[in-house]
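Asks: This is the structure alone, sequence omitted:
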């Protein structure tokens, strides 16, 4: 009769039910959830089988001793109750891991593990005269101690290290899913059964290939531990080599049989390094012949088996864990949803993300949702039945252009069958059509104007429909979207639905790929927050405007580096600058200075408080081949600098912020309150026959003409407002101010 033991299988608590089901499928009788995992009574062969075949478990522990532990003395004596000479070979390495719960005297797990190690080492040294070495990575024998309240349990860790380490991952991408997490997601998607039915599986954003490798492992009946060279029981004195060898032989036979008829698996990604890593891992796992990895951006994704009636899509898109990145990822999720509907109608899809709002942006309705943890990060797993775009008459209507401008004042179908988003397909598609039609009209009109004026960067939409509160700018093929805060009477859910409609429409109307769409949430910025990064892509590219070239960045900062509404103002500066000494205050990225220099200014001075923007300005000067000796860049508070400056300028551009309370300033700056003092201070630095161009974008701003009556003032707002901003009469206000000339 075979000897039985008690065992504990550990894993994520959210997956205990799945792990218990897996244990039953592996032949374990009556596994019980609770305590620190799933416990069962079985043989050593049962434990070995779990180590070899479990796709979901983390560790397999074999308890060998329980004892009362109130303090460190009882801990030491309790550990020495075990005859460690029966478990640890002479000269072998060892390691101890400990966990402590609700024990006030022993509340530090690292101290507990050290004390346990000392008790074991002291016993073995007294018995054999040899002190065992410690190897925390891959010891011959790993001991696990769990203390809960005043009860301690010592176990042999048969797995040795977490079972998610399959042995094939030589390389990994950024933040990959743990193999056990990927396997649990596939399990919930039904892949354990579907893989035997010749149904294809596609991962459109495969990263380092974890989903594909785990799926192929299931499809070819590859034991996840077959490629592992290390287990905790291999150096343990109780190890039964005969049982283990038989299990390995059985697993090898099953894999040989499973390789004969593997269901097709496809992995795509737009990063060459990810595809390279995926292929290398598949080669190491012996699965390269069963997975087709291909470099494919999301916008080019096509169904590799369009004639298949059904299939499985499983995808782990970027999550946007870092502040500010979630909104920028929304176009990706919208495009993902559109691609799934266009290419994979009738298939099943499973999506994992840490941001539920991003998942809803796919426009797909989830029929099931579960929670998993990838390390410390809580993630949701959404399961969808994909309905193709062709199944929805409202999609066909929107794409055919029918329906005119209907729906501008609101959206139909609120409260209908909307799945996760709560909006009906009818209402959603009607809204898509209304926004798309307006955008088409704007683009058609502005495209002709821009071509005639040789303009390549311009605004194509600015809250034209009140319910679609965004500004959209076109930058030579890329699109920058600024989402304004929704009115208080609009729910966040409704605002999100409308944003998703916008993101669906833009690539279609402008005929661009979704990776060319860049989204930001526009909120009032105070002080230095306007300079802080929203993202870290560092993706700069150059655009042309008139005689100048500028660096722009559509992802990392609140603004792009180029204020499009000042296009005419910059042109005016270029016309007035010849032969002058030019001063640019609150200079931002120095675009006005570039125009002045190219217009023939004798010298330029550029002043701003931000190193970020001044570095940007310097790069703009280099881009336009401007001699740095003639163009000074100064980091300073403009007000303080003006008070100390003793130079006169023939042309000054003054474009202060609406409000600032930067830590580098004393007090605060408010344009309405402080503009008279600022203008007077600036005019002291203006030549007697010079010109000051003063502008700001505070919509409620009123110039105090009475306090400035000693100057000649001409309002030039209309002349400086570009055609693409004509829908917004107060995007900025501008004046020319000169010294009064004696007659």
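Replies: Sure thing, it's come through. Everything numeric here is computed off the predicted structure, so don't read it as measured data. Numbering: from 1, shown residues only.
Asks: Give me the residues contacting stretch 31-45.
Replies: 2-11, 16-17, 19-20, 23-24, 28-30, 46, 61, 99, 146, 238, 240, 243, 247 (Cβ atoms under 8 Å, 6 or more residues apart in numbering). All C-beta spots, glycine's among them, are computed from the backbone N, C-alpha and C.
Asks: Next step: these restricted to helices.
Replies: The helices, defined by DSSP state H, take in 16-17, 19-20, 23-24, 46, 243, 247 from the contacts of stretch 31-45.
Asks: And those, which is closest to residue 222?
Replies: Closest approach between those and residue 222, by Cβ to Cβ: residue 247, at 14.0 Å.
Asks: ok, now how distant is that closest one from residue 223?
Replies: As judged by Cβ to Cβ, to the nearest Å, residue 247 and residue 223 stand 9 Å apart.
Asks: out of these two, which sits in the busier spot?
Replies: Ranked by neighbour count (other Cβ atoms under 10 Å), residue 247 and residue 223 place residue 223 first, with 22 against 19.
Asks: three-state assignment of residue 584?
Replies: Put simply, residue 584 is strand when judged by DSSP: H, G, I helix; E, B strand; the rest coil.
Asks: any low-confidence regions in the stretch 101-250 of the chain?
Replies: Regions of the stretch 101-250 of the chain meeting the criterion pLDDT under 70 cover residues 171-175.
Asks: where along it do the strands fall?
Replies: With strands called from DSSP state E, counting those that start in this stretch, the stretch 101-250 of the chain shows them at 133-134, 141-148, 151-157, 201-203.
Asks: Which SSE is immediately downstream of the helix or strand harbouring residue 266?
Replies: Per DSSP states H and E, residue 266 falls inside strand 265-269. Sequence order places helix 272-285 as the next helix or strand after strand 265-269, per DSSP H and E.
Asks: Overlap of the contact sets of residue 247 and residue 223?
Replies: residue 52.
Asks: Tell me where the longest helix sits in the protein.
Replies: As assigned by DSSP H, the longest helix anywhere in the chain is helix 425-453.
Asks: Could I get the average pLDDT for that one?
Replies: Averaged across helix 425-453, the pLDDT comes to 81.
Asks: How about stretch 495-512?
Replies: For stretch 495-512, mean pLDDT is 88.
Asks: Show me which residues of that stretch are buried.
Replies: Judged by neighbour count (16 or more other Cβ atoms under 10 Å), stretch 495-512 contains these buried residues: 495-507, 509-510, 512.
Asks: Helices - which of the residues you listed land there?
Replies: Secondary structure from DSSP H places 495-507, 509-510 of those in helices.
Asks: and which of those residues is nearest residue 456?
Replies: Nearest to residue 456 out of these is residue 510 (Cβ to Cβ; 13.9 Å).
Asks: so that closest one sits right up against residue 474, yeah?
Replies: Yes. Residue 510 lies in contact with residue 474 (Cβ atoms under 8 Å); the separation is 7.5 Å.
Asks: residue ranges with poor pLDDT in the stretch 451-600 of the chain?
Replies: Ranges of the stretch 451-600 of the chain meeting pLDDT under 70: 487, 521-536.
Asks: need the helices for it, in chain order.
Replies: Taking DSSP state H, counting those that start in this stretch as the test, the helices found in the stretch 451-600 of the chain are 492-510, 567-576, 591-598.
Asks: Of the contacts of stretch 31-45, select the buried ones using a ChimeraX command.
Replies: A single ChimeraX command selects the buried members of these (16+ other Cβ under 10 Å):
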select :5,7,8,9,10,11,16,19,20,23,28,46,61,146,243,247
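Asks: Chain neighbours aside, what residue packs nearest to residue 82?
Replies: residue 65 (4.9 Å; Cβ to Cβ, 6 or more residues apart in numbering).
Asks: per-residue confidence for that neighbour?
Replies: In this model, residue 65 carries a pLDDT of 97.
Asks: which SSE is it in?
Replies: Following DSSP H and E, the helix or strand that holds residue 65 is strand 59-68.
Asks: now residue 129: how far from residue 139?
Replies: From residue 129 to residue 139 the distance is 21 Å (Cβ to Cβ).
Asks: Who has more neighbours out of the two?
Replies: Neighbour count, other Cβ under 10 Å: between residue 129 and residue 139, residue 139 has more, with 23 against 8.
Asks: got the contact list for the nearest residue to the more buried one once chain neighbours are set aside?
Replies: Distances taken as Cβ to Cβ, 6+ apart place residue 95 nearest to residue 139, at 4.0 Å, with adjacent residues excluded. Residues near residue 95 by Cβ under 8 Å, 6+ apart: 117, 134-136, 139, 141-143.
Asks: Just the terminal-to-terminal distance for stretch 718-730.
Replies: 10 Å (Cα to Cα, to the nearest Å).
Asks: Give me the contact list for that stretch.
Replies: So stretch 718-730 is contacted by 446, 449-450, 453, 455, 458-460, 462-464, 564-569, 572, 695, 699, 731-732, 734 (Cβ under 8 Å, 6+ apart).
Asks: Whichever of those residues end up buried, select them in PyMOL.
Replies: The following PyMOL line selects those of the contacts of stretch 718-730 that are buried, judged by 16+ other Cβ under 10 Å:
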select buried, resi 446+450+455+458+459+460+462+464+564+565+566+567+568+569+572+695+731+732+734
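Asks: on that earlier part again, of the buried residues of stretch 495-512, just say which sits nearest to residue 636.
Replies: Nearest to residue 636 out of the buried residues of stretch 495-512 is residue 499 (Cβ to Cβ; 39.6 Å).
Asks: Could you pull out the helices in the stretch 301-450 of the chain for me?
Replies: 325-343, 356-360, 393-400, 425-453.
Asks: now for the first one, which elements pack on it?
Replies: In terms of contact count using 3 or more Cβ pairs under 8 Å, 6 or more residues apart in numbering; DSSP states H and E, helix 325-343 is assigned the packing partners helix 356-360, helix 492-510, strand 517-522.
Asks: So the chain: which segments form each domain?
Replies: 5-157, 179-222+262-391, 408-523, 557-739 (automatic domain parsing).
Asks: Need the winner for burial among those.
Replies: domain 179-222+262-391 (a mean of 20; mean count of other Cβ atoms under 10 Å).
Asks: Show me how far it is from its chain's centre.
Replies: Here the centre of domain 179-222+262-391 is set off from its chain's centre by 16 Å, with Cα atoms, centre = their mean, to the nearest Å.
Asks: same question, stretch 715-723
Replies: Stretch 715-723 sits 40 Å away from the centroid of its parent chain (Cα atoms, centre = their mean).
Asks: same question, stretch 729-743
Replies: Using Cα atoms, centre = their mean, the offset of stretch 729-743 from its chain centre is 46 Å.
Asks: What separation do you get for residue 25 and residue 370?
Replies: From residue 25 across to residue 370, the span is 19 Å (Cβ to Cβ).
Asks: And the contacts of residue 95, which is closest to residue 163?
Replies: Within the contacts of residue 95, distances to residue 163 taken as Cβ to Cβ reach their minimum at residue 142, with 13.0 Å.
Asks: Tell me the one of the ones in helices among the buried residues of stretch 495-512 nearest residue 106?
Replies: residue 496 (48.7 Å).
Asks: so how far is residue 181 from the residue nearest to the closest one when sequence neighbours are not counted?
Replies: Closest residue to residue 496 apart from its sequence neighbours, by Cβ to Cβ, 6+ apart: residue 357 at 6.3 Å. Plainly put, residue 357 is 21 Å away from residue 181 if you go by Cβ to Cβ.
Asks: Done for today, thanks.
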